[in-house]
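# Sequence first, then the predicted structure, then my questions.
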Amino acid sequence: MHKEKIYKKPVGKPVKVPGLTSVAQPSVAIPSRRLELIFPLIVAISGFLLYFNTIFNDYALDDLAVIQENRFTKQGIAGIPVLLRTFYWEGYWNNNAGLYRPLSMVTFAIEWQFFPGNPHAGHFTNVFFYALTGFLLFRVLRRMMSKFTILLPLIISLLFIAQPLHTEVVANIKSRDEILCLLLFLLSVDNFIAYFDTGSRWRLGIAISSYFLCLFAKESAISFILIFPLVLWFFRDIKVKKLLTLTIPFVVTVAAYFIIRLMILGTNITGKEYTYLDNSLIAAPDLMTRLATSFFILGKYLKLLIFPHPLSYDYSFLEISFFKWSNYQAFLPLLVYTTGFVFAVRSLLKKEKNIFVFGILFYLLSLAVVANIFIVIGCTMADRFLYIPSLGFSILIAYGMFRIFSQNRETRKNAGIGSLFTRNKWIYLVTLLILIPYSVKTIARNQDWKNNTTLFIADATSSPGSSRVRTNYGTVLLQKFDKNNPDKESQIGYLHQAIAEFQSAIKIDPNHPMAYLDLGAALYQKNDYPAAIEALKTAIRLDPGDPKPYSTLGNSYYRVGDFNNAIVNLKKCIELKYTSSETYNFLGGSYFGTKDFPNAVNAYMKAINLDPKNLEFHTNLGSVYGSMGDYAGALRCFHKADELKPGNAQILMLIGMTFQNMGNRDSALFYNAKVAKLQQK
């Protein structure tokens, strides 16, 4: 009878962790090498299949800023040197937000080089890196937990890979910074442990290099400097002095990163001054309210980790209300987090090496940088902030299941392959009860990220208290409005619903300029020009540097016959370099309305240069020439319009009128006859 292959694995001096002896392999045998390969492949394939449907998605949200409309990314490989020496958003807007994340930007540039404007390539890369993260995660956990049953790293990895909170990270191409950050951290930890176990210096070199790149993926990797020593402390037998010595290279790496960051960003390390539109906590009336609300958010994070529904792309002002410490929803999370922290610190001081404590510390350390407790960051709350902390949570859940459901000690010592799948049945059952609904939720949520339209519609009900979400949803409804659609009732419904959403957004935040801008655009489509003017004037007062409201405001003034104000606003729009052929068209019409014919000609000619095949522009320019008495110029324009659209009765009528004004009666009668013939049809 064939016996299972047993071997010894060199792991330095793994520590015997108190509280884990009940689930540990006590000394000798571990499963066949086949499982060491099969299990990480299972995790990787699971990750790929869970997000396979995102490959067919389009760009969404900040993909526009970092890829689609980023002037450096769109240079392809040639843009990489610029990306390495500029701050994160510089290729899209000139506002230094204190972010320097060149690694993901470089990958976007490479993709654009070979697949320009193709979001599917970007989505595939995200899914591939996520699957690779799952593969490496199991290998790292297995190396860390080499004295424990192989089921523990497997279940931790599967719980992590199926977590629906990761949909924002994987389905939004922009969030590759999160994926690369964790992937490189895992690679660094894997080689760091291998260096400790074997003494191989090239392993240490890979560990340091990986962590260096990790920092350039995302700034939050700085918190990992505390996790490296914890990994050895909890999973290897090591003295504190040696632990501190081994950490020094990583401290030096962080110092080198800060020097480079300082050279790129200058002394403005924290970036721009954030407003309540970025992080609603900035609008908190006092420090205690801000902290209480921050702990409410931390409690909400725990709830989402356990029950990830509903999910949202935005939790900005005022989706999350302000809380006082008298509210249990703020005080209870404070109690939970404080208890966990105190328990972990006491265990460290007592030199107790319990994996539960490691899970708590990993969760707290990776979450601390985005918790809005120590510093206020540029975002109130986000699903993506739980991507890396969810690994600590997965460790806690998996370990808890083994503590509760694992069988007696003698059974646990058996490391045979068969025993892995015939015993610990309750662990399998509970794991499946978590994985199945998580997987269903993940696959379904991926479709919400198909594009901005699907996302804004889906999350309109998830974050109804967010002024930004209501505004974005109203924008989607306004885009659906088509005044030329024969189904007038449904189109008017879209328009009215859009206006209602913008008004709701303004009710939530009366100082939200984008809501007023979009409300003005909707009222303009409704032909309610006076109301549109008031909304757009408010948008400009709140954000005078935004050129977009000046355009619609100028058009609205033109519609009500206030040509002077139309000229002022349209010229401001042009001054701010937000121009289109329509801008010059309305400017020409406004000059025409004030009888400033030379400027009208100049504006219409600029409109034609931008859109030479536009029938209306040629017709308008011809009308100006006609009013000036330049009938030859008028005829040139009208004949050009006739070439663009032969047989148009209105154009033929204008040609006839021009000939009439020139005294050419025969030609006038000829074109009038053409018009009459067309009208008879």
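Yep, that arrived. Numbering: from 1, shown residues only.

# Going by C-alpha atoms from here, please, whenever you check contacts or count neighbours.
OK.

# count of residues packed around Gly240?
Just to correct that, residue 240 is Val rather than Gly. Neighbours of Val240 under the rule other C-alpha atoms under 10 Å: 11.

# what residues go with each domain of this protein?
33-443, 466-579 (automatic domain parsing).

# Let's have those in a markdown table, adding mean pLDDT.
Putting the domains of the chain into a markdown table (pLDDT from 0 to 100) gives the following:
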| stretch | mean pLDDT |
| --- | --- |
| domain 33-443 | 92 |
| domain 466-579 | 94 |
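
# Now render the ones you listed as CSV, adding distance to Ser590.
Converted to CSV, these look like this (distance: least, C-alpha to C-alpha, whole Å):
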stretch, distance to Ser590
domain 33-443, 32
domain 466-579, 5
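
# what about the ones you listed, which gets the closest to Thr619?
domain 466-579 (18.1 Å; C-alpha to C-alpha).

# and the end-to-end length of the closest one?
31 Å (C-alpha to C-alpha, to the nearest Å).

# Could you shift the numbering so residue one becomes 376, and keep it that way?
OK, 376 is where the count begins now, so the last one is domain 841-954.

# what separates that domain from the chain centre, distance-wise?
26 Å (C-alpha atoms, centre = their mean, to the nearest Å).

# just stretch 755-770 next, same as before
For stretch 755-770, the distance to the chain centre is 15 Å (C-alpha atoms, centre = their mean).

# What of stretch 434-453?
Worked out by C-alpha atoms, centre = their mean, stretch 434-453 lies 13 Å from the chain centre.

# now stretch 617-625
35 Å.

# Likewise for stretch 1035-1053?
For stretch 1035-1053, the distance to the chain centre is 61 Å (C-alpha atoms, centre = their mean).

# What distance do you get for Gln878 to Tyr651?
Distance from Gln878 to Tyr651, by C-alpha to C-alpha: 19 Å.

# Which one of those two is surrounded by more residues?
A side-by-side neighbour count of Gln878 and Tyr651, using other C-alpha under 10 Å, places Gln878 first with 21 against 16.

# The helix or strand hosting the more buried one - contacts with which helices or strands?
Take DSSP states H and E as the rule and Gln878 turns out to sit in helix 863-883. Applying 3 or more C-alpha pairs under 8 Å, 6 or more residues apart in numbering; DSSP states H and E, one finds that helix 863-883 makes contact with helix 842-855, helix 888-900.

# and of those, who's closest to Ile581?
helix 842-855 (43.3 Å).

# and the helix holding Gln878, which residues are buried?
Counting neighbours by 16 or more other C-alpha atoms under 10 Å, one finds that the buried residues in helix 863-883 are 866, 869-881, 883.

# again with stretch 1017-1032
1017, 1024, 1026-1032.

# Which of those residues fall within helices?
Among the buried residues of stretch 1017-1032, the members falling in helices are 1017, 1024, 1026-1032 (criterion: DSSP state H).

# quick one on the thing from earlier: Throw the helices and strands packed on helix 863-883 into a markdown table and include mean neighbour count, thanks.
Converted to a markdown table, these look like this (neighbours: other C-alpha atoms under 10 Å):
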| stretch | mean neighbour count |
| --- | --- |
| helix 842-855 | 24 |
| helix 888-900 | 25 |
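
# Dump these into a markdown table; add distance to Lys614 as well.
Listed next are the helices and strands packed on helix 863-883 as a markdown table, based on distance: least, C-alpha to C-alpha, whole Å:
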| stretch | distance to Lys614 |
| --- | --- |
| helix 842-855 | 52 |
| helix 888-900 | 58 |
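
# Which element, helix or strand, includes the residue nearest to Phe698 when sequence neighbours are not counted?
Once flanking residues are discounted, Phe698 sits nearest to Thr668: 5.0 Å by C-alpha to C-alpha, 6 or more residues apart in numbering. Applying DSSP H and E as the criterion places Thr668 in helix 662-681.

# Contacts for that helix, please.
538, 540, 656-657, 659, 696-700, 704-709, 746-748, 756, 761, 765, 768 (C-alpha atoms under 8 Å, 6 or more residues apart in numbering).

# do the same with stretch 852-872
Here stretch 852-872 has contacts from 849, 873, 897, 900-901, using C-alpha under 8 Å, 6+ apart.

# From the contact counts, what lies against the host helix or strand of Thr500?
With secondary structure defined by DSSP H and E, Thr500 is part of helix 494-519. Helices and strands touching helix 494-519, by 3+ C-alpha pairs under 8 Å, 6+ apart, are helix 408-425, helix 477-489, helix 526-537, helix 542-546, helix 551-573.

# First-to-last residue distance for stretch 653-666?
So stretch 653-666: terminal residues 17 Å apart, C-alpha to C-alpha.

# next one: it to chain centre, how far?
So, by C-alpha atoms, centre = their mean, the centroid of stretch 653-666 is 23 Å from its chain's centroid.

# Give me the buried stretch members for it, please.
653-657, 659, 664-666.

# for stretch 910-926, same thing?
So, applying 16+ other C-alpha under 10 Å, buried residues of stretch 910-926: 910-915, 917-918, 921-926.

# Could I get the phi/psi values of Phe523?
phi -110, psi 160 (degrees, to the nearest 10).

# ok, it - how many residues close by?
25.

# Just grab the bridge partners of it for me.
Ala399 (DSSP bridges).

# Distance check, it against Leu529.
11 Å.

# ok, now Ala975?
From Ala975 to Leu529 the distance is 72 Å (C-alpha to C-alpha).

# circling back to that earlier point, okay, the angle between the helix holding Gln878 and helix 888-900?
150 degrees (axes from the mean of the first three to the mean of the last three C-alpha atoms, to 10 degrees).

# In space, what's closest to Gly497 - neighbours in sequence excluded?
Per C-alpha to C-alpha, 6+ apart, closest to Gly497 is Ile548, 6.1 Å.

# show me the contacts for the one you found.
Per C-alpha under 8 Å, 6+ apart, neighbours of Ile548: 434, 438, 497-498, 501.

# Now the buried members of the residues you listed.
434, 438, 497-498, 501.

# Asp438 is in contact with Trp824, correct?
No - between Trp824 and Asp438 there is no contact under C-alpha atoms under 8 Å: 11.6 Å.

# what touches both of the two?
Joint contacts of Trp824 and Asp438 (C-alpha under 8 Å, 6+ apart) are Asn547.

# Please list all residues in contact with Leu830.
688, 823-824.

# how about 6 Å then?
823-824 (C-alpha atoms under 6 Å, 6 or more residues apart in numbering).

# next one: the one 10 residues further on
Gly840 makes contact with 693-694 under the criterion C-alpha under 6 Å, 6+ apart.

# Name the SS class of it, please.
coil (DSSP: H, G, I helix; E, B strand; the rest coil).

# Just the pLDDT at it, thanks.
Note on Gly840: pLDDT of 93.

# Name the residues of stretch 957-970 that are buried.
957-968.

# Distance to Trp468 added to the residues you listed, as CSV?
Listed next are these as CSV, based on distance: C-alpha to C-alpha, whole Å:
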residue, distance to Trp468
Glu957, 24
Thr958, 23
Tyr959, 25
Asn960, 28
Phe961, 28
Leu962, 27
Gly963, 30
Gly964, 32
Ser965, 32
Tyr966, 33
Phe967, 36
Gly968, 37
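
# So which of these belong to helices?
957-968.
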